[in-house]
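prediction below, plus the sequence it came from.
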Amino acid sequence: MTCTVLSALALSMTLAGCGGNVQNGTSSGETKPVTLTYWSMWNKGEPQQIVMQNIINEFEKQYPNIHVTVQWAGRQLLPKVQQTLISGNVPDLIDKDEQEIAASLVESNQATPLDSILNRTIQGENNTINQVIPKQPLHFYDNNGHTYIIPYELIASGIWYNGSLFQKYNLAPPKTWSDFLQVATKLKSLGVAPVAADGTIDFYNAYWFYWLSDRILGPGAFLKAAGDKSGNAWSNPKFLEAAQDVHNLVANDVISGYQGSKWPAGQVSWAQGKAAMLLMGSWAPSETHTYAAQGFQYQMFPFPVVDPSVSPETDAETYLIGWSIPKGAEHIDAADKFILFALNKSHLEGISTIAQNIPARMDIPAPANLKTAQDLFKGATNYHAVYDGVQSQYADYWQTVFLTLDNKLFFNQISPQDFISQMEQKSKEYWSTH
Amino acid sequence: MMRKASVFNFTSGARATSSVFAISNSLEKSRRKLIIPFLLPALILYVGLFIFPSVGSLFISFQDWNGFTTTMHFIGFGNYIRLLHDPLYWKSLFNTLKVLVFVGLAVFILGFLFTAILSYLPGRKIVRAVIFFPNIIPPVALAILWGFLFDPQMGPVDAFFRLVHLHFLNRQWFGPNLMFMTISLGMGWMYTGFYTVIILAGAEKIPKYYYEAAQLDGANRIRQFFTVTLPLTWDVISVAVVLWVINAVKIFEFIYAFAGTGSNPPTQIWTSAIYMYVLAFGSRTPIYQLGYASAIAITMVLLIAILIILLRRILMRERIEL
C-alpha cells in the first residue's frame, strides 16, 4: 500500500516536472471528427451508468462526428483526474458529487467556466438550462461569479418510513421535532423499533446533529461554527440543545442497538420492517428495494422542524451530482454539446425511470417513491448544502474533528456538555495548526 | 630424471594452473561484463518504481500541495511539525502498533501451535491449504464476510450465542468499544495461515532423526518443539517476523473495507495507512493534502526501517546448519 501511494505521489511529481503549464482548451470544430473523453463516477452495471450509456449511444447517433470514449471510473474518480491535470492529458468531461468537484477542481481553479451554456437551448427543446434547473441548485457551487458544474441528479436526505406500517398503526408523518418524539414513543409502546441506523458509517450518524443544528439555529450556523478559529461559536446554547436532542435519541432508545450495525445491515433491517424509520439520502429506496418486506411503501417526510422561524420545512437540503469540464480539456465544445444533449427531457428521464433517482430537471417526474422528496425541492424556499457545507468547505476538519466527536455523542460515549466543550477545544486546537 | 620430471611436471602444472587462471580470469571478466546488462532491467524498475517514488515522496512531504495544481508551496518541516501536534496521527500510529504487536503475537503463537500440531498430523496438506485459504481471497471480500459473521442483528455468531442461551456473550461487535478488537480478530484469522505455512515450510526441512534422537532422550512433543523445531527454524521465523512488521504497518484494505460504502471507516479504527490514504485521496470527503499525507508515508517507512533493524538485532542467532 505504502509503495502504491508513494508511486502515485512520485508519479504525480514526475508529471508535475514534465507536464509544464496546463493549456487552455480549444473548441473542436463541428465538422471535424473528435473524440470526447468522458470520465464518470459510476461503475459499470450501476443504474446511472446504464442511463449515461444510453445517452452516449443516442448522442453518437445525433452527432456522428463526435465519438465518446467513456471510462466508468467509480467513486475514486477525482484522484485519477488529479494526475491528468498535472500531465495535461485531462478528460473532456467528468461527473461527480458537486461538493467534491467544488472542493477540488473549482477550488484549485482547475475547472472550465460553463456560464456560456446556461442560456443555450437544450438540444431538441426550446428551453435553456437556466429555465429547467432551479436557480439555487444550479448556482450552488458558483465561484467568483462563475458556474463550473451543471447538475443532473438531485439528492436529499429526509426521514424514510414504511407507509403501510404507519397506516397500520394509524400514525401520521410528524412535522415537528416534538411530533417526531411522540411518534417514536408510540412505536416503542407498540414494540416497534422507531429508527434504524448503520452506526459504522460516521457520516450517516452525523445527519442527526447536522439536521438538528439546521432546524434549531438555521442554515449556515453549523458551517460558521466549524470555521470559527476560536472555537467559541460552539458555546452557543442552541448547539448544546442540538447535542442534547441527539443524546436523547440514543438514551431514550429511539435509536437502539445499531451502534455496531455494519452497512447495509441497518437499512436492511428497516426495509424488512424491523424498524419504522431511517434518516437517509434519497438513494434509500434504490438501495433497499430488493430486500424490502412485501407491501413496503416507501415514504419520506422532511426532517422535523424545531424552530420554523429559522428553518421551516421548506428549507431543503441540496446534494447534487453534476458534470464539469476540467481546465485544459481539449474538446470543450463537444463536452458542451453533450451536456446540452443529455439534459434533454427524454434523455434525462432515465435518471428517474431507470436509476430511480431525482433528475435535476423539476419537470421530469421523480419515481413514485421519491415524489415527496421532489415536492420538497419544488416547494423549497431555501436550499442548503448537505451537512451545511462543512464536509466540502472544511473537509479535513469535518473528517478528523467533527465526525470523531459526533460518533462519541451518537454512541453515548460522551455527554452533550462534553461534546460541546470538546468541540470548542478541538476546534481551537485544529485551527491553531491550520 | 625424477627430479627433472618433477620440475617439468611442476612447470607444466604451473602452466596449466596459470592457463586455468587465465581462462578463469577471462571468464570472470566476461561474467563481470554481463552483470550490468543483467542487473540493469531490474535496477531500472527498482529505481523507477521504488527509489524514485520514495525520494519523490520525501520531496512532496516538504510541500503544501493538493495535487490539483502544478504549483507546490515549500513549507520545510511544516508537515512534520504538524504531525507532532496531530492527535489523530498519534491515535492512528497507536492503532498500527496495536495491530503490529497484538495481532502479531496472536498470529505467531497460533502459527507455532499449528506448526507443532501439523508436523505430526497425517492429512496436514489439506489442513494447511484450509488455513492458508483466507490469503487467496481479496481482503475486501473477507471484510464483508467478517461484517456478516458478527452482525448483531443477523450474524451467525450472535445467533449461535442466542441459540445456546449464552446471551451474555451477545455484543455490538462493531460498536465503538469492540470494533477495533473484532477487526483485529479478523486480521489474525486472515494472516495466521500465511505465517503458519512459512514456519511449517522451515520445520519440514528438519531431518526426522533429530526428533527421533530427542524422543530417545525422553523429550515429549512440547519439549521437541522448543528444543528442535524452534531453534532449527529460527532463520525462517526471523524472516517471517520481518515480513509481518512490513505487512502490519501497511495493512489497509481489510480495515478500509469495513465502512462498506466506499467511504472512510470511523476514525477510531484508523491506522497510519488509512489516515495517509484519507488525507491524500479521501473518499466522499475531499481533503487532498498530498504533502501532509507524504509526511505520514515517510514516517511509516522510517517506522518499518527502525523496527526491522531492531528486530534483526534481537532475533540474530548463530546459524545452525542442518
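In hand now; what should we look at?

next helix or strand past the biggest strand by length in chain A?
As assigned by DSSP state E, the longest strand anywhere in chain A is strand A:315-324. Using DSSP states H and E, the helix or strand that follows strand A:315-324 towards the C-terminus is helix A:332-342.

mean confidence for that next one?
In this model, helix A:332-342 has an average pLDDT of 97.

equivalent analysis for stretch A:281-299, please.
Over the span of stretch A:281-299, the pLDDT mean works out to 91.

can I get it in CSV? Just the C-alpha atoms.
Presented in CSV, the C-alpha positions along stretch A:281-299 are these (Å, rounded to 0.1, in the frame of the first residue of the first chain):
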residue,chain,number,x,y,z
GLY,A,281,-30.5,10.3,1.4
SER,A,282,-32.9,9.8,-1.4
TRP,A,283,-30.9,6.8,-2.6
ALA,A,284,-32.6,4.7,0.2
PRO,A,285,-35.3,3.2,-2.0
SER,A,286,-33.0,2.2,-4.8
GLU,A,287,-30.5,0.7,-2.3
THR,A,288,-33.1,-1.3,-0.3
HIS,A,289,-35.9,-2.2,-2.6
THR,A,290,-34.5,-5.6,-3.5
TYR,A,291,-34.9,-6.8,0.1
ALA,A,292,-37.9,-4.8,1.2
ALA,A,293,-40.7,-6.6,3.0
GLN,A,294,-43.8,-7.4,1.0
GLY,A,295,-46.2,-4.4,0.8
PHE,A,296,-43.4,-1.9,1.9
GLN,A,297,-44.4,1.6,0.9
TYR,A,298,-41.5,4.0,0.6
GLN,A,299,-42.5,7.4,2.0
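
can you list contacts of that stretch?
Contacts made with stretch A:281-299 from outside it, assessed by C-beta atoms under 8 Å, 6 or more residues apart in numbering or on different chains, are listed as A:47, A:154-158, A:160-164, A:166, A:173, A:264, A:267-268, A:270-273, A:278, A:300, A:319, A:355-358, A:367, A:369-370, A:372-373. C-beta coordinates here come from the backbone N, C-alpha and C atoms, glycine included.

considering only the residues you listed, which also neighbour chain B?
A:264, A:268 (C-beta under 8 Å from any C-beta of the partner chain).

mind checking which of the contacts of stretch A:281-299 are buried?
With neighbours counted using 16 or more other C-beta atoms under 10 Å in any protein chain shown, those contain these buried positions: A:47, A:154-158, A:160-163, A:166, A:173, A:264, A:267-268, A:270-273, A:278, A:300, A:319, A:355-358, A:367, A:369-370, A:372-373.

so which of those sit within helices?
In helices, defined here by DSSP state H, the members of the buried ones among the contacts of stretch A:281-299 are A:47, A:163, A:166, A:267-268, A:270-271, A:372-373.

for chain A, give me its nearest residue in the stretch 101-250 of chain B.
Closest approach of the stretch 101-250 of chain B to chain A (C-beta to the nearest C-beta) occurs at residue B:172, with a separation of 3.2 Å.

that residue contacts residue A:262, doesn't it?
No - between residue B:172 and residue A:262 there is no contact under C-beta atoms under 8 Å: 10.4 Å.

neighbour count winner among the two?
Ranked by neighbour count (other C-beta atoms under 10 Å in any protein chain shown), residue B:172 and residue A:262 place residue A:262 first, with 27 against 20.
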